[in-house]
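# quick one, what's the 3D model for this:
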Amino acid sequence: MKPVDQPIKSTRYQDLIRSVCLVLVTITCMLSLQQGLSGSGVELESHRVGVCDVQVVLDQIPQGKEITNEFSQLRRKMEEDVRNQETSLRRIQQEASQLQPGTDARREAEKRFTLAKAELTWMQEDLEQEFTSRFKLRRDDLIKIVRDAIQEVANERELDLVLNNVARAAEFKVYVSVWARKDLDITMEVISKVASRVEDR
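Numbers count the residues shown, from 1 in each chain. Just a heads-up that it's a prediction; the model follows:
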């Protein structure tokens, strides 16, 4: 029996050695990873970081609400113009359907319908381009004011970096904020700073 037992014990011994080596390698990797993360943490701690939710600022400040109301009214006016054109288009189509096919009057009505339909398409495109262009211009001006306020607050707080604290979809991209202490959030201070500038004007 001894010749048979010896290979079995040897195999078990080899398996034990492999297991121990695997555990040691795993521990070594974990320690290396932890050390690397700790090194990053130490590097980050040498900088003062602030967090500002720019979208909240834009929603809360008077200028942001003014732009929202202004362009909501503009959007309603554009939609009303489109509906009026659609009503005119349906009326022309109805008039054409009541005329005898092949007659000059029917052909003239069909021509007016085709032209009115093309005008409706052009109107929708032009209105959308105008809305987008005007909105972007106003919003860019407002964002510049907010950025200046952020920089001013950051200087007052002696911050090295301010992160835009968002987690929203924008143009099919998602921007996620990094972690920061609550006491570094300067959102309300930026709102106050922008509001005070409005009062000074």
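# pull the number of nearby residues for I143.
Neighbour count for I143, taken as other Cβ atoms under 10 Å: 14. (C-beta placed from N, C-alpha, C; glycine too.)
# next: L127.
17.
# please identify the helix or strand for V162.
strand 161-164 (DSSP states H and E).
# who's in contact with the nearest residue to A154 once chain neighbours are set aside?
Residue nearest to A154 in three dimensions, not counting chain neighbours: V162, with 5.1 Å by Cβ to Cβ, 6 or more residues apart in numbering. By Cβ atoms under 8 Å, 6 or more residues apart in numbering, the contact list for V162 reads 49-52, 150, 154, 186.
# same thing but 10 Å
By Cβ atoms under 10 Å, 6 or more residues apart in numbering, the residues touching V162 are 48-52, 54, 147, 150-151, 153-154, 180, 184-186, 190.
# what is it paired to in the beta sheet?
Beta-bridge partners recorded for V162 (DSSP bridges): G50.
# can you get me a residue count around the nearest residue to E128 once chain neighbours are set aside?
Distances taken as Cβ to Cβ, 6+ apart put M78 closest to E128, at 8.0 Å, once the chain neighbours are dropped. Neighbour count for M78, taken as other Cβ under 10 Å: 18.
# again with D126
Neighbours of D126 (other Cβ under 10 Å): 11.
# tell me the secondary structure of it, please.
Following DSSP: H, G, I helix; E, B strand; the rest coil, we place D126 in the helix state.
# contacts only, for it.
For D126, the contact set (Cβ under 10 Å, 6+ apart) comprises M78.
# same check on T68?
58-59, 135.
# reformat these as JSON lines; add distance to Q94 and secondary structure.
Below are the contacts of T68 laid out as JSON lines (distance: Cβ to Cβ, whole Å; DSSP: H, G, I helix; E, B strand; the rest coil):
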{"residue": "L58", "distance to Q94": "46", "secondary structure": "helix"}
{"residue": "D59", "distance to Q94": "45", "secondary structure": "helix"}
{"residue": "F135", "distance to Q94": "36", "secondary structure": "helix"}
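# dump those residues to JSON lines, plus neighbour count.
Listed next are the contacts of T68 as JSON lines, based on neighbours: other Cβ atoms under 10 Å:
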{"residue": "L58", "neighbour count": "19"}
{"residue": "D59", "neighbour count": "12"}
{"residue": "F135", "neighbour count": "16"}
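# can you name the next helix or strand after the lowest-mean-pLDDT helix or strand in the chain?
Lowest mean confidence among the helices and strands of the chain (mean pLDDT, DSSP states H and E): strand 173-176, at a mean of 41. Beyond strand 173-176 in the direction of the C-terminus, DSSP H and E gives the next helix or strand as helix 187-200.
# for that following helix, packing partners?
strand 49-52, helix 54-60, helix 62-97, helix 104-157 (3 or more Cβ pairs under 10 Å, 6 or more residues apart in numbering; DSSP states H and E).
# mean neighbour count, those: which tops it?
Among the helices and strands packed on helix 187-200, ranked by average contacts under mean count of other Cβ atoms under 10 Å, first place goes to strand 49-52 (a mean of 23).
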